[in-house]
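Undergrad: Predicted structure and sequence below. I'll ask about it afterward.
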Amino acid sequence: MEELLDILKDLHPDVDFETEEHLIDDGILDSMDIVSLISEISENFDVSVTARDIIPDNFNSAQALYAMIERLEDED
């Protein structure tokens, strides 16, 4: 989780990703952020994020992102 939080903080240092639960809904993360996140997640966690994974529920919070990463790791 710490590695993911570091990635998120690099994108937006001013956001408290440990408590924020509406990253997409509140417009904190935009489409370019999502593209960057997918790239970083794929590289750092050695998982493949597919089009079916790119839904707001998976990107609205750090916890949701980490749950998606864990699920993708289990699928490999």
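TA: The structure has been received and is ready for your questions.

Undergrad: contacting residues for the residue nearest to the spatial centre of the chain?
TA: By Cα atoms, centre = their mean, the chain has its centre lying nearest to Leu65, at 4.2 Å. Going by Cβ atoms under 8 Å, 6 or more residues apart in numbering, Leu65 touches 4, 8, 37, 41, 58-59. (Each C-beta comes from the backbone N, C-alpha and C, glycine too.)

Undergrad: element containing it?
TA: Using DSSP states H and E, Leu65 sits in helix 62-75.

Undergrad: For the protein, which residues score under the pLDDT cut-off?
TA: Within the chain, no stretch has pLDDT under 70.

Undergrad: about what we covered before: pull out the buried positions in the helix holding Leu65.
TA: 62, 64-66, 68-69, 72 (16 or more other Cβ atoms under 10 Å).

Undergrad: before we move on, the earlier item: of the contacts of Leu65, which pair is most distant in space?
TA: Leu8 and Asn58 (13.6 Å; Cβ to Cβ).

Undergrad: These two: which is more packed in?
TA: Neighbours of Leu8 and Asn58, each counted by other Cβ atoms under 10 Å, are more numerous for Leu8; the result is 23 against 19.

Undergrad: Skipping its backbone neighbours, what lies nearest that one in space?
TA: Phe17 (4.4 Å; Cβ to Cβ, 6 or more residues apart in numbering).

Undergrad: pretty sure the one you found is touching Gln63, no?
TA: No. Here Phe17 does not reach Gln63: they are 9.3 Å apart, not a contact under Cβ atoms under 8 Å.

Undergrad: CA atoms only for stretch 56-68, dumped as PDB, please.
TA: Extracted C-alpha coordinates of stretch 56-68, given in PDB (Å, rounded to 0.1, in the frame of the first residue of the first chain):
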ATOM      1  CA  PRO A  56     -14.600   4.700 -11.300                       C
ATOM      2  CA  ASP A  57     -15.200   2.200  -8.500                       C
ATOM      3  CA  ASN A  58     -11.600   1.000  -8.900                       C
ATOM      4  CA  PHE A  59     -10.100   4.500  -8.900                       C
ATOM      5  CA  ASN A  60     -12.100   6.400  -6.400                       C
ATOM      6  CA  SER A  61      -9.800   5.700  -3.400                       C
ATOM      7  CA  ALA A  62      -6.300   4.400  -2.700                       C
ATOM      8  CA  GLN A  63      -8.000   1.500  -0.900                       C
ATOM      9  CA  ALA A  64     -10.100   0.600  -4.000                       C
ATOM     10  CA  LEU A  65      -7.000   0.900  -6.200                       C
ATOM     11  CA  TYR A  66      -5.100  -1.400  -3.900                       C
ATOM     12  CA  ALA A  67      -7.900  -3.900  -3.800                       C
ATOM     13  CA  MET A  68      -7.800  -4.000  -7.600                       C
END
